[in-house]
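*Asks:* just a sequence and a predicted model for now, questions to come.
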Amino acid sequence: MNKSKSAQTNYLDKIESPQNIKSLKIGELKSLCDELRKRMVQTVSKTGGHLSSNLGVVELTVALHKVFDTPHDQFVWDVGHQCYAHKLLTGRASRFSTLRKEGGLSGFPSPKESEHDSFVAGHSSTSISAANGLAKAKSLLKSGGTVVAVIGDGALTGGLAYEGLSNAGRSKDKLIVVLNDNGMSISRNVGFVARHLAALRARPRYVRAKMNFSSMLSAIPLIGTPIRNGLLHLKTKIKKMMYSRSSFFEEMGFNYIGPLDGHDLEDLIRGLQAAKRMDRPVLLHVATVKGKGCDFAEKNPDVYHGVSCFDEQTGSREPSPDCFSTVFGQEMCLLAEQDERICAITAAMKDGTGLVEFDRRYSKRCFDVGIAEEHAVTFAAGLAHNDALPVFAVYSTFLQRSYDQILNDAAISNEHIILAIDRAGIVGEDGETHQGIFDVAF
Ligand SMILES: Cc1ncc(C[n+]2csc(CCOP(=O)(O)OP(=O)(O)O)c2C)c(N)n1
């Protein structure tokens, strides 16, 4: 861990509910962030779990709880693997050492576990659709409060996220999507999303002007309509001067704020307050560093994405024995040498499925399609139809996404695709959302 004298303080153990952080000043909140990181590294080194993603959203989580009031306001964590700071701030710090153990805390959000976990998660790219539904129900029933979806740039490669954006964007409901952009899925992110977000990150000048402008507007009491309209016109002009084209999210119906530094608490709090004041769908783009604040996780965020026990000081781990994925990867390399029709497909799980060496040796025949399991199967069927021999390496639980594609796009026309199904069976620590028990039935 990075050394910090403020890590000596103890705010965390006094937090019984998120209300307790409301009165903390910025300096105290920063110390709290150090404590959260320390507790996560200590615990995950013993229980295993998702480390890098959680270290990256510490300031974001603190800022969210500073600005909003759960459970009246609701946070929907996409995938949910980054919810540890949220758990620690919502009355679960004393049980945190039971993380991922039988009878202990789940590694993912679980409404059964806490009223602060608004929605179940585990599989990727669902948060915007869920938040769309939660926000719609709030506006229909006039129950008040704000719904905030937190989604990573990796999860944004999944098609369901676009179904969510498209519907939430036209809903006109009060809804905030926080895009946690660290440039990484488990490994480096791929495709259009990665390119578009990199372009947005490269133009940071607009956000401050926009936030200062909205605070200015809201600070003027009873502002008259003609003056307000004049100012809004001016705002559009400034915006046009600064941006030559709008972001994809604006085209989808969202007000776009960003990019913000996701480790600057003051900026995050200001950004979230600005988003909260808007009575419509808003996308807040936040740039974070995966693994932030822990040297070994920051250097190798992919290695410490999902990790088993390790040494808390050095990050070193026992070498793991060869498993299905390792042997599968070796066999794939051997077979690919003999048969040039063989292609490998992964849905953002190159490391977990053992395809790293295959990708190094046969990069033209290795396809990381992003978190897009449906696409992976139909893409494989297309490859097979034109005589390639595709092997889709996938965890059993995530193959559930592709049930329809297996039936309609591959099986009906008898395409020769190979499904290399990993992590089948009861999975233990990852819990109910990750069981690999339905593939036999389908
Ligand atoms: C449908 C589905 N496929 C694959 C996964 C495995 N998985 C868990 S987290 C993750 C990467 C998510 O990246 P991002 O959303 O950017 O979050 P980060 O970890 O970078 O914070 C993947 C592929 C999953 N949870 N769900």
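*Replies:* Noted; the coordinates are in hand.

*Asks:* in stretch 63-77, what's buried?
*Replies:* Across stretch 63-77, burial judged by 16 or more other CB atoms under 10 Å covers 63, 64, 65, 66, 67, 68, 70, 73, 74, 75, 76, 77. All C-beta spots, glycine's among them, are computed from the backbone N, C-alpha and C.

*Asks:* phi, psi of the nearest residue to the last one once chain neighbours are set aside?
*Replies:* Nearest-residue entry for residue 77: residue 83, 4.7 Å, with adjacent residues in sequence omitted and distances by CB to CB, 6 or more residues apart in numbering. Here the main-chain torsion angles of residue 83 (degrees, to the nearest 10) amount to phi -100, psi 10.

*Asks:* what's the answer for residue 334, then?
*Replies:* Dihedral angles (degrees, to the nearest 10) for residue 334: phi -60, psi -50.

*Asks:* roughly how far does residue 302 sit from residue 396?
*Replies:* When distance is defined by CB to CB, to the nearest Å, residue 302 is 22 Å away from residue 396.

*Asks:* next: residue 360.
*Replies:* 26 Å.

*Asks:* try residue 405
*Replies:* Counting by CB to CB - residue 405 and residue 396 are separated by 15 Å.

*Asks:* grab the nearest non-local neighbour of the most centrally placed residue in the chain.
*Replies:* Nearest to the mean C-alpha position of the chain, counting by CA atoms, centre = their mean, stands residue 152 at 3.0 Å. Nearest non-adjacent residue to residue 152, counting by CB to CB, 6+ apart: residue 180, 4.9 Å away.

*Asks:* swap in residue 405?
*Replies:* residue 377 is the one closest to residue 405 (CB to CB, 6+ apart), at 3.7 Å.

*Asks:* that neighbour and residue 407 touch, don't they?
*Replies:* No. Judged on CB atoms under 8 Å, residue 377 makes no contact with residue 407 at a distance of 9.7 Å.

*Asks:* those two: which has the busier surroundings?
*Replies:* When neighbours are counted by other CB atoms under 10 Å, residue 377 and residue 407 differ, and residue 377 comes out ahead with 29 against 12.

*Asks:* what's in contact with the helix or strand hosting the more buried one?
*Replies:* Using DSSP states H and E, residue 377 falls within helix 373-385. Residues from elsewhere that reach helix 373-385 (CB atoms under 8 Å, 6 or more residues apart in numbering): 159, 343, 345-347, 367, 369, 389-390, 392, 394, 398-399, 401-402, 404-406, 409-410, 413, 415-417.

*Asks:* contact partners for the residue nearest to residue 77?
*Replies:* Taking CB under 8 Å, 6+ apart as the test, what residue 83 contacts is 54, 77, 108, 109, 117, 121.

*Asks:* most neighbours among the residues you listed, please name it.
*Replies:* For the contacts of residue 83, neighbours tallied by other CB under 10 Å; top is residue 54, 29 neighbours.

*Asks:* what about that residue, which helix or strand?
*Replies:* Short version, using DSSP H and E: residue 54 is in helix 52-56.

*Asks:* how is this structure partitioned into domains?
*Replies:* Using automatic domain parsing, the domain parsing of the chain gives 5-203+243-307, 324-434.

*Asks:* which of those domains sits closest to the ligand?
*Replies:* Evaluated over the domains of the chain, closeness to the ligand peaks at domain 5-203+243-307, with 2.3 Å, by CB to the nearest ligand atom.

*Asks:* is that closest one positioned near the ligand?
*Replies:* Yes. Shown here: domain 5-203+243-307 in contact with the ligand (CB under 6 Å from any ligand atom) through 53, 56, 79, 81-82, 123-124, 152-155, 180, 182, 184-186, 290.
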